[in-house]
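Visitor: My questions concern the predicted model and sequence given below.
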Amino acid sequence: MKVYAGPPAAARQYLEAGCGRADDYYLAEGTGFARRFTASAGGVRELAPLTGDGYETWVAGHDPATGEPRGQLRTDEHAVRFVEVVVNGPKTWSLAAALHPDIAAAYEAAQDRAAGQIVAWLAEHATTRVGPRGGQVQVPVEVLEAVTVRHYTSRAQDPHWHLYLQILARVFAAGKWRGLHTVGVRDSLNGINGLGHAAMACDPELNGAFAAHGYTKDTTGEIRELSEYVGPFSARHAQIARNVDRYEREWAAAHPGEHPGPALRRAWDARAWADGRPDKVIPQPGAKLTERWRTDLDALGYRPRDRPVALHPTPIGALDRQAAVERVLARLAAGRSAWNAADVRGEVERLIAAAGVVAEGAVRIELAEDLTARAFACCVPLLPRDGVPEHIRAWTSRPVLATEAELTARLGARRTGPPGVPPQRL
């Protein structure tokens, strides 16, 4: 998770510079730059896409349509603009997307659905603060906004389908626009990551596309038939990245005080791919980038299977819910002695994905909410009072408390032992 505090123009440049294909420069094609969403109690709704100028206005905390400021805005360099997470999957999924256009389409659609579920969940759980300094209380947000921007490559220019999801730091609550409580969102990261992972891992369309091309997944979600190519493919692209870094150093030394533009960077990219392969025709960035990836995979020995396999998902009814709750609590206790609601939800979502469930989003969410409620019923509050903010890690389990009591007793015995007797080893 990234909490961005900086100039809006720098945020725009960050997204544009990270685009890995010529057709990612939406501004040049006039198709909009970022997809924009608003979320409230009524659900998530998509608004008109933002151009580059509109995106800067949005990041700055102003209404993109009217330019009106959203509440009292900070203008210093520490003003938080948005909170960003990246929605993506295992590397083998991107290799499969590079090889098969239908998998690419299904993967992009699954990422969009995952982003929508994350935004909807945050709209229900994010808060803002109301009241005078020193007497503020947290209240639920009523309206939350977000944008998504899709990229297709990593910095090393290998296939990496990922979606930037940015939550605006201006939210509406108690009659006006206020600042998002970013600490609460940061402490919800486990829930966000778990939800995003399960939304894609359990997606019927994406799993069907994998199976149609003969791909199967292991318990971590990686595609077995492509896993052996991840290392060699990434090594080749790491070499390309080193070439680009060298070109940039040489150019910077010859042009002190100047900054390379997008066209020059694209030229470096093409040159970097050619280095070490003088006998190959290097296609230009854009639509032919996928062709370049396929050629590299072919050189590594990959041969398409394209023999469909049957999907054998775990039926939701076959899932032992009580055993699942016990595993969730055991995993939570293995990581820390106290947790919050997002931690529980994240572990639940990861367990559902690992169990091999394939289900529509609404069905999976209903299952996750039921398991989360069951897990909370087995938890013990550390702060038994009303009004504890949801993001505070104020829950534990009886086994954790028992272990803590045992350790306290043994440490106490060591401290109060007879003089001259060596302390007992724990």
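Guide: Cool, the structure landed. Numbering: from 1, shown residues only.

Visitor: C-alpha only now, for contacts and for neighbours.
Guide: Will do.

Visitor: Could you list every helix and strand in contact with the longest helix seen in the chain?
Guide: As assigned by DSSP state H, the longest helix anywhere in the chain is helix 227-254. Under the contact criterion of 3 or more Cα pairs under 8 Å, 6 or more residues apart in numbering; DSSP states H and E, helix 227-254 touches helix 91-99, helix 262-274, helix 289-299.

Visitor: now for the last one, which elements pack on it?
Guide: So that's helix 289-299. Using 3+ Cα pairs under 8 Å, 6+ apart, the elements in contact with helix 289-299 are helix 91-99, helix 227-254.

Visitor: and the ones you listed, which is most packed in?
Guide: The highest average neighbour count among the helices and strands packed on helix 289-299, using mean count of other Cα atoms under 10 Å, belongs to helix 91-99 at a mean of 23.

Visitor: Let me know the next secondary structure element after that helix.
Guide: Downstream of helix 91-99, the first helix or strand assigned by DSSP states H and E is helix 101-125.

Visitor: Return the set of buried residues in that following helix.
Guide: Judged by neighbour count (16 or more other Cα atoms under 10 Å), helix 101-125 contains these buried residues: 102-104, 106-125.

Visitor: For the closest residue in space to residue 354 that isn't next to it in sequence, grab the count of nearby residues.
Guide: Excluding its sequence neighbours, the residue lying closest to residue 354 (Cα to Cα, 6 or more residues apart in numbering) is residue 219, at 5.5 Å. Other residues lying near residue 219 total 10 when counted by other Cα atoms under 10 Å.

Visitor: My guess is residue 219 contacts residue 352. True?
Guide: No - here residue 219 lies out of contact with residue 352, judged by Cα atoms under 8 Å, at a distance of 11.0 Å.

Visitor: what helix or strand is residue 46 on?
Guide: Assigned by DSSP H and E, residue 46 falls in strand 43-50.

Visitor: Show me what that strand pairs with in its sheet, parallel or antiparallel.
Guide: Strand 43-50 pairs in its sheet with strand 34-40 (antiparallel), by DSSP bridges.

Visitor: okay, the angle between the strand it pairs with and helix 101-125?
Guide: Relative orientation of strand 34-40 versus helix 101-125 (axes from the mean of the first three to the mean of the last three Cα atoms, to 10 degrees): 40 degrees.

Visitor: contact partners of strand 34-40?
Guide: 44-51, 55, 119-120, 123-124, 142-149 (Cα atoms under 8 Å, 6 or more residues apart in numbering).

Visitor: run the last query once more with 6 Å
Guide: Strand 34-40 has contacts (Cα atoms under 6 Å, 6 or more residues apart in numbering) with 44-47, 49-50, 123, 142-149.

Visitor: what's the answer for stretch 92-99, then?
Guide: With contact meaning Cα under 6 Å, 6+ apart, stretch 92-99 is reached by 103, 104, 159, 160, 161, 222, 223, 226, 290.

Visitor: what number of residues lie near the fifth one?
Guide: Looking back up the chat, that one is residue 161. 24.

Visitor: and of the contacts of strand 34-40, the nearest to residue 327?
Guide: Of all the contacts of strand 34-40, residue 123 has the smallest distance to residue 327: 28.1 Å, by Cα to Cα.

Visitor: Leaving out sequence neighbours, find the closest residue to residue 227.
Guide: Closest to residue 227 by Cα to Cα, 6+ apart is residue 92, at 6.1 Å.

Visitor: no, scratch that, I was asking about residue 71
Guide: Nearest residue to residue 71, sequence neighbours excluded (Cα to Cα, 6+ apart): residue 177, at 4.8 Å.

Visitor: what's near enough to touch residue 325?
Guide: The contact partners of residue 325, by Cα under 6 Å, 6+ apart, come to residue 375.

Visitor: again with the one 4 residues further on
Guide: With contact set as Cα under 6 Å, 6+ apart, residue 329 has no partners.

Visitor: do the same with residue 357
Guide: Neighbouring residues of residue 357 by Cα under 6 Å, 6+ apart: 202, 313, 314.

Visitor: Which of those residues has the largest number of neighbours?
Guide: Going by other Cα under 10 Å, residue 202 tops the contacts of residue 357 with 25 neighbours.

Visitor: my guess is that one contacts residue 361, does it?
Guide: No - using Cα atoms under 6 Å, residue 202 is not in contact with residue 361, being 8.1 Å away.

Visitor: residue ranges with poor pLDDT in the chain?
Guide: For the chain, the stretches flagged by pLDDT under 70 are 17-32, 155-156, 235-237, 273-274, 276-287, 415-426.

Visitor: between the longest helix of the chain and helix 262-274, how big is the angle?
Guide: Orientation of helix 227-254 against helix 262-274 (the same axes, to 10 degrees) gives an angle of 130 degrees.

Visitor: Helix 227-254: how far from the chain's middle?
Guide: Distance of helix 227-254 from the chain centroid (Cα atoms, centre = their mean, to the nearest Å) equals 25 Å.

Visitor: which residue sits closest to residue 212 in space, ignoring its chain neighbours?
Guide: residue 308 (4.4 Å).

Visitor: can you list the domain ranges for this structure.
Guide: For the chain, automatic domain parsing gives the domain ranges 2-228, 316-415.

Visitor: hang on, the earlier thing: take the contacts of residue 357 and write them to JSON lines, including secondary structure and distance to residue 84.
Guide: What follows is the contacts of residue 357, written out as JSON lines (DSSP: H, G, I helix; E, B strand; the rest coil; distance: Cα to Cα, whole Å):
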{"residue": "202", "secondary structure": "coil", "distance to residue 84": "23"}
{"residue": "313", "secondary structure": "coil", "distance to residue 84": "32"}
{"residue": "314", "secondary structure": "coil", "distance to residue 84": "33"}
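
Visitor: I'd like those laid out as CSV, including distance to residue 390.
Guide: Converted to CSV, the contacts of residue 357 look like this (distance: Cα to Cα, whole Å):
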residue, distance to residue 390
202, 27
313, 33
314, 32
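
Visitor: I appreciate the help and will end here.
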